[in-house]
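> Sequence and predicted model, in that order:
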Amino acid sequence: MTTVTVIYTALFYAAMLLFVLGVGRKILIYARTPQPLKIPITPAPTTKVGVWVRMAREVVLFESLFKATKWTWLFGWIFHLSLLLAFFRHLRYALSPESFLWPLVNLELVQTAGKYGGYAMLIGLLGLLARRIFVDRVRYISSPSDFLMLILLMAIAGSGLMMTFISHTDIVALKAFTLGLFYFDPQPLPASLFLLVHLGLVALLLIIFPFSKLLHAPGLFFSPTRNQVDNPREQRWTRGWTAENTDTPKPG
Amino acid sequence: MANFETPPLTEFMEVPPVIPGTMEHSSPYIAKPEIQAPLAYPGQLVENWEQKAVFKLGELVKSNRALQVFLDTCVKCGACTDKCHYYLGTSDPKNMPVARQDLLRSVYRRYYTLAGKLFPKLVGARDMTKSVLDEWYSYFHQCSQCRRCSVYCPYGIDTAEVSMAAREIMDSVGQGQKYCNEIIGKVFKIGNNLGLPEPALVNTLEGLEEDVKEATGVDVKFPVDVKGADVLLITPSADFFAEPHIDGLIGYAKVFHQAGISWTLSSYASEAANFSMFIGSRHNLKKQAMRIREAALELGVKRIVVGECGHAWRVAYSFWNTLVGPFDFLDRNYPVPQHICEFTYDLIQKDALRFDKEANDDKVVTFHDSCNVARASRMGSMPGGQFVIPRAVIKASVNKFVDMAPDTIGEATFCCGGGGGLLTDDLLELRVKGSLPRMQALKQVVDEHGVTHVAAICAICKAQFSKILPYYKFPMDMIQSVHGLVSNAIRLDRKEI
């Protein structure tokens, strides 16, 4: 067992633990914090099914962003889509061939889309970075962390592309390492530079997720302006302080 | 006249460049102790206000999911940066919604997030200081809580919620805004924003009955405190005396008259407006709304109808049932509450009203969607009814109607520039500049379609338009009440239904 393997094994356990606990804690906080008043942005759906449709359009199509600015929408949407494609491609390194998902993950389409999705991801990120630099309004609102986040993601995409197209890594050994993590049976990690960079940055991303704006991912589902049904007249809504006992005058 | 220049109206609306600090001098008068007292707020900045403000922020975040989610999830994508009328009219980057939120978010991050505690510079976190407070006071009174930014935010982040929270925090440490808080105090003391006592109200309404009788020869009543009436009308008190609001009130009365439905005003609840929403004050919001429930019970009415007022309709439609419901003592065959436009529209649908549209043939009319009606409420049973129904009422009353550009109406409507508790002369520069996008859209239909009048269903919009239209070289009386148009056209001869 090399030092590198020990460090990366420990790093990934720590990162996963922080990610799961940190995001889980935030989701619990969002779920438990009451929304005292009805505040959907109208026109809003008048049924729960309608809300699901509205939310799906936001999550899948980024509908509001599309209304707002086509360039940001384009680059943002490309980035997120390619992130999804890359995720599916990477499942190959984490699933055993016995898994029921394997035939799907092993599809030529999934693998190829994920492979070239890496370029799309870089293009999306570069577009978002360009907006941050060249549009005066977006530059004004950007903190150092906003730039660093994009750079981090670009470094992850870049190091991944290097392994795909320039300097291949030992996939079989990598898969053994990943599965070893799942089975609590540490296996040696192939010591290739790009792989170490790639994995190190992914671990970093997992660690900062619960403490950063990456919380937009779970947050969206809890956003009252988007997830509330527009029916305040039909159904009385009370939560938190509006549900507390009151001295409302009674009829008669 | 004033110490600023009215922005020029150009060919089309352009997004201005960022010019920091153009509006940092804009700040409304601070409330004196005697104005703070009736609202149960400290009279002046309390000791240790920094700690207390930070504590209050934490309390609000813990008890309000919207705030909790909104403060965490912004990714600074910039989608909102060109959506605020105050940014478009002033170039001041702190009037970009995300930058406005960040004034508060930076403090939240400093005290309530790990990243902000460890690396404040990296994530833009700041200590709560006097200069931060001053900045809050200035720029959270440059937000009309119109929710336009939230329409375009990929996470639905609503700056209105953030600005309400900021105002509540400032109030709770003793720095309130004179305009809003003085008005709320008047409601508690007298029953309406204007401080119009019962005898004056009765007198005004009697005068209106005489005026209408003289003009039409018909005995249209303006009843007040009539027990057992079918409908309690809750309307903004501006309807009792301001122009063009009062024409709207006359319109409601004529509609009730023609429909043959008995109605009454209440001298106790003679105000639809609820400025406590603007200052994010829970207990005052509820206390104000409670007067309406009490009046409805006292008068024994069956229905509540709400007059033309934007934020009041938001409070009535979205919050009343929550705050002071349930309304099981009212007739549930009708929506509770019902908007006057819904009421009139229903009668039109039933063919119960007749109009001489020619009475409005001197006008080419457009309609200004008021933000709180457009983005925070509904009319009728279909989403978007709040856009269809008022237009249907207008079109029943006038022959010539034209809409403004699609990206300036409906859910994308631009604020009049005076909403959210900013309708005060100490913020005149902001109000004039903030109305630029609306004036731009108006100019386009004036030039292209010969529009002569703009109708609205909000007391604040109407007062704001009256004030700022002349700055843009439009006639002051261009602004109309929707029910003022109804009033002109409705036929008062009784017909068999």
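Okay, I see it.

> Regarding the residue nearest to B:Ala165 when sequence neighbours are not counted, which helix or strand does it belong to?
Spatial nearest neighbour of B:Ala165, chain neighbours left out: B:Leu60 (5.0 Å); criterion: C-beta to C-beta, 6 or more residues apart in numbering or on different chains. For glycine as for every other residue, the C-beta is placed from the backbone atoms N, C-alpha and C. Per DSSP states H and E: B:Leu60 is located in helix B:49-62.

> in terms of contact, does B:Leu201 touch B:Tyr268 like I think?
No. B:Leu201 is beyond contact range of B:Tyr268, at 10.6 Å (criterion: C-beta atoms under 8 Å).

> more crowded one of these two?
The residue with more neighbours, out of B:Leu201 and B:Tyr268, is B:Leu201; 24 against 17, by other C-beta atoms under 10 Å in any protein chain shown.

> Just after the strand or helix carrying that one, pick out the following helix or strand.
According to DSSP H and E, B:Leu201 maps onto helix B:198-216. As assigned by DSSP H and E, the chain's next helix or strand after helix B:198-216 is strand B:231-234.

> Please list the residues outside that following strand that contact it.
For strand B:231-234, contacts defined as C-beta atoms under 8 Å, 6 or more residues apart in numbering or on different chains pick out B:252, B:256, B:261-266, B:269, B:271-272, B:292, B:295-296, B:299, B:301-307, B:312, B:316, B:337, B:340.

> the longest helix in chain A is where?
Using DSSP state H to define each element, chain A has its longest helix at helix A:3-32.

> now that one against helix B:49-62, angle please.
Interaxial angle, helix A:3-32 versus helix B:49-62 (axes from the mean of the first three to the mean of the last three C-alpha atoms, to 10 degrees): 80 degrees.

> can you pull the buried residues of helix A:3-32?
A:5, A:8-9, A:11-12, A:15, A:18-19, A:22-23, A:26-27, A:29-30 (16 or more other C-beta atoms under 10 Å in any protein chain shown).

> how close does the closest residue to B:Ser138 other than its chain neighbours sit to B:Pro93?
Excluding its sequence neighbours, the residue lying closest to B:Ser138 (C-beta to C-beta, 6+ apart) is B:Ser27, at 4.6 Å. In this view, B:Ser27 and B:Pro93 are 17 Å apart by C-beta to C-beta, to the nearest Å.

> Compare these two and say which is more crowded by neighbours.
B:Pro93 (23 against 18).

> Next, work out how far apart that one and chain A are.
5 Å (C-beta to the nearest C-beta, to the nearest Å).

> Also B:Thr424?
For B:Thr424, the distance to chain A equals 25 Å [C-beta to the nearest C-beta].

> so who does that residue touch?
B:Pro28, B:Tyr29, B:Lys178, B:Tyr179.

> Of all the residues in the stretch 351-497 of chain B, which one is nearest chain A?
Residue of the stretch 351-497 of chain B nearest chain A, by C-beta to the nearest C-beta: B:Pro383 (3.7 Å).

> and the closest residue to that residue other than its chain neighbours, what are its phi and psi?
Leaving aside its sequence neighbours, B:Pro383 sits nearest to A:Pro43 (C-beta to C-beta, 6+ apart; 3.7 Å). Backbone geometry at A:Pro43, expressed as degrees, to the nearest 10, gives phi -60, psi 130.

> Return the residues in contact with A:Thr238.
Contacts of A:Thr238 by C-beta under 8 Å, 6+ apart are A:Pro36, B:Thr322.
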